[in-house]
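A.B. asks: Here's a sequence, model it:
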Amino acid sequence: MTAHTWPDAPVALVTGADSGIGRAVAVKLAQQGMDVGITYHRDRTGGENTAEEVRAAGRRAAVARLDLTELPEAADVVDTLADELGRVDVLVNCAGTGTATRFLDLDHTTVRRVVDVDLVGPLLCSQRAARRMIAQEDGGRIVNITSVHEHQPRVGAAPYCAAKGGLGLLTQVMALELAEYGITVNSVAPGEIATPMTGQEDTDVAAVDRPGIPLGRPGDAREVASVVAFLAGPDSSYVTGASWAVDGGMLRMGPQAGSHLRSDDWRRP
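C.D. replies: Numbers count the residues shown, from 1 in each chain. Predicted structure coming up:
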């Protein structure tokens, strides 16, 4: 069995790092001493801004475009960034998309797009990264950003829930198969996080009232990044195949869960 021996300058690749959770993860990993490969889809300026933050933390950054609807060729970005930065020790699959379409109204193109971006793309990118980690012979880390909808359904999000649930189980299979190479694989399942995807960029989360979430507010992207950073770092060496919910207690609400709730009545028996 191979253990992960950390190099002097570990390299992390973070997909979808032009904003939101991906940007927060890239910056946090740089602050932890990693050089960072950054991908963006449409927002090149956002990707470059993330790179500037990484460099401000004293680390190297490389930027590349990634469109996970262009499979399988899109996964080439892993090799492109790894070649530029010299290696890859960590992959964080953060790029994602969703839909708000009822099941009966879904068309094949929409389903295919969401499943490719949220499930097939991370699978292919993880293959590329894992093969390079194995060739380096010193292990590695893969972290898949899923969602609370890895675990619970949401009306209007059938392909998203299917893809995120699939990515959660894929994480477990990868953890079993890659363990012998010293590669750990975990998922992080955010709840409602204040990001551009939820229309809350630069939001003061403490000022937002969410009665349906036990902690009473949305999460900040940096709170997700801190959990990812632990799983991507040396201190998580005996953690693999797990899903880490970062949701303010939302999943503990069971069928009552939801940021849509407008009162605190559930807190009283």
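A.B. asks: Okay, now the unreliable bits of the stretch 1-150 of the chain?
C.D. replies: Applying pLDDT under 70 to the stretch 1-150 of the chain flags residues 1-4.
A.B. asks: do the stretch 151-269 of the chain as well
C.D. replies: Along the stretch 151-269 of the chain, segments meeting pLDDT under 70 span 196-203, 255-259.
A.B. asks: The lengthiest helix in the chain: how far from the chain's middle?
C.D. replies: Selection of the longest helix in the chain by residue count, based on DSSP state H, yields helix 158-178. Distance of helix 158-178 from the chain centroid (C-alpha atoms, centre = their mean, to the nearest Å) equals 12 Å.
A.B. asks: quick one, the helix or strand that it is followed by and helix 158-178 angle?
C.D. replies: With elements assigned by DSSP states H and E, the helix or strand that comes after helix 158-178 is strand 183-190. Interaxial angle of strand 183-190 relative to helix 158-178 (axes from the mean of the first three to the mean of the last three C-alpha atoms, to 10 degrees): 160 degrees.
A.B. asks: ok, the next helix-or-strand element following strand 183-190: who's next to it in the sheet?
C.D. replies: Past strand 183-190, further along toward the C-terminus, the next helix or strand under DSSP H and E is strand 193-194. Partner strands and pairing direction for strand 193-194 (DSSP bridges) are strand 219-220 (parallel).
A.B. asks: Pull the residues that contact the strand it pairs with.
C.D. replies: By C-beta atoms under 8 Å, 6 or more residues apart in numbering, the surrounding residues in contact with strand 219-220 are 190, 191, 192, 193, 194, 205, 246, 247, 248. The C-beta positions use only the backbone N, C-alpha and C, and glycine is treated the same way.
A.B. asks: what is the fourth one paired to in the beta sheet?
C.D. replies: Translated: residue 193. Under DSSP bridges, the beta-bridge partners of residue 193 are residue 219.
A.B. asks: Test my guess that it contacts residue 20.
C.D. replies: Yes: if you go by C-beta atoms under 8 Å, residue 193 and residue 20 touch, sitting 7.3 Å apart.
A.B. asks: what's in contact with the longest helix of the chain?
C.D. replies: 93, 97-99, 101, 103, 106, 110-111, 114-115, 117-119, 122-123, 126, 130, 142, 144, 146-147, 149-151, 153-154, 184-187, 189, 240-241, 243.
A.B. asks: Show me which residues of that helix are buried.
C.D. replies: For helix 158-178, the neighbour count (16 or more other C-beta atoms under 10 Å) marks 158-168, 170-172, 174-175, 178 as buried.
A.B. asks: what about stretch 248-266, how long is it end to end?
C.D. replies: Stretch 248-266 has its terminal residues 15 Å apart, counting by C-alpha to C-alpha, to the nearest Å.
A.B. asks: tell me the centre residue of the protein?
C.D. replies: Ranked by distance to the mean C-alpha position of the chain (C-alpha atoms, centre = their mean), the top residue is residue 145 at 2.6 Å.
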